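[1] coordinates only, sequence not included:
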């Protein structure tokens, strides 16, 4: 998962923090877009969410005090991204005209209701997005062979049996376990914050 270091959050507070903001944007832009797309937003709407999220963060983070006791930074970021996504959806729904007989149905099935179930679903989607981004970054690592990642993908992501994967790649089962554990550590190292 993506790791936001406290030192990066501290660097965002200085007056000339252009490089820190570039680094922060590089860490999160793809995850924010992917999350908005998973909520059903178009590419254009997802980019709107990204822009609105970054503007909000530029206002908030210079005064933000990170307290690990209150929760992880990525959960704080999820709250902002989710609210911005809902805002874009609300604005889009206002632009869509419904026939009068569908208005009552639209009010009953309010997609913006902020129930506990919706919040849990949002958190699950956010974690999926962060994990997908972390896996994408591991896959893109030039030091990792394609075969090693293929073993990890087959056993660790597709959940095929170790015996089947070992047979397919001509490995011992123990090697399959070691590859999965080594790459999972690389993916999860980013999950501290």
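    Right, received. Where do you want to start? Remember, predicted model here, so these are calculated numbers, not experimental data.
[2] show me the helices in this protein, by range?
    6-11, 18-38, 43-60, 73-95, 100-108, 116-139, 146-152, 162-169, 173-188 (DSSP state H).
[3] select from those the stretch with the lowest mean pLDDT.
    Among those, helix 100-108 carries the lowest mean pLDDT, at a mean of 44.
[4] in a markdown table, list the helices of the chain along with distance to residue 67 and mean neighbour count.
    From N, CA and C alone the C-beta is placed, and that goes for glycine too. Formatted as a markdown table, the helices of the chain follow (distance: least, CB to CB, whole Å; neighbours: other CB atoms under 10 Å):
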| stretch | distance to residue 67 | mean neighbour count |
| --- | --- | --- |
| helix 6-11 | 10 | 14 |
| helix 18-38 | 19 | 17 |
| helix 43-60 | 14 | 16 |
| helix 73-95 | 10 | 17 |
| helix 100-108 | 39 | 9 |
| helix 116-139 | 19 | 16 |
| helix 146-152 | 35 | 17 |
| helix 162-169 | 41 | 16 |
| helix 173-188 | 22 | 16 |
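[5] now residue 12: phi and psi?
    phi -70, psi -10 (degrees, to the nearest 10).
[6] before we move on, back to that, same list (the helices of the chain) but as JSON lines, adding distance to residue 66.
    Shown next, in JSON lines, are the helices of the chain (distance: least, CB to CB, whole Å):
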{"stretch": "helix 6-11", "distance to residue 66": "5"}
{"stretch": "helix 18-38", "distance to residue 66": "13"}
{"stretch": "helix 43-60", "distance to residue 66": "12"}
{"stretch": "helix 73-95", "distance to residue 66": "6"}
{"stretch": "helix 100-108", "distance to residue 66": "40"}
{"stretch": "helix 116-139", "distance to residue 66": "17"}
{"stretch": "helix 146-152", "distance to residue 66": "32"}
{"stretch": "helix 162-169", "distance to residue 66": "40"}
{"stretch": "helix 173-188", "distance to residue 66": "20"}
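[7] list of residues touching stretch 154-161?
    With CB atoms under 8 Å, 6 or more residues apart in numbering as the contact definition, stretch 154-161 has outside contacts at 135, 162, 165, 168, 169, 176, 179, 180, 183, 184.
[8] chain center to it: distance?
    22 Å (CA atoms, centre = their mean, to the nearest Å).
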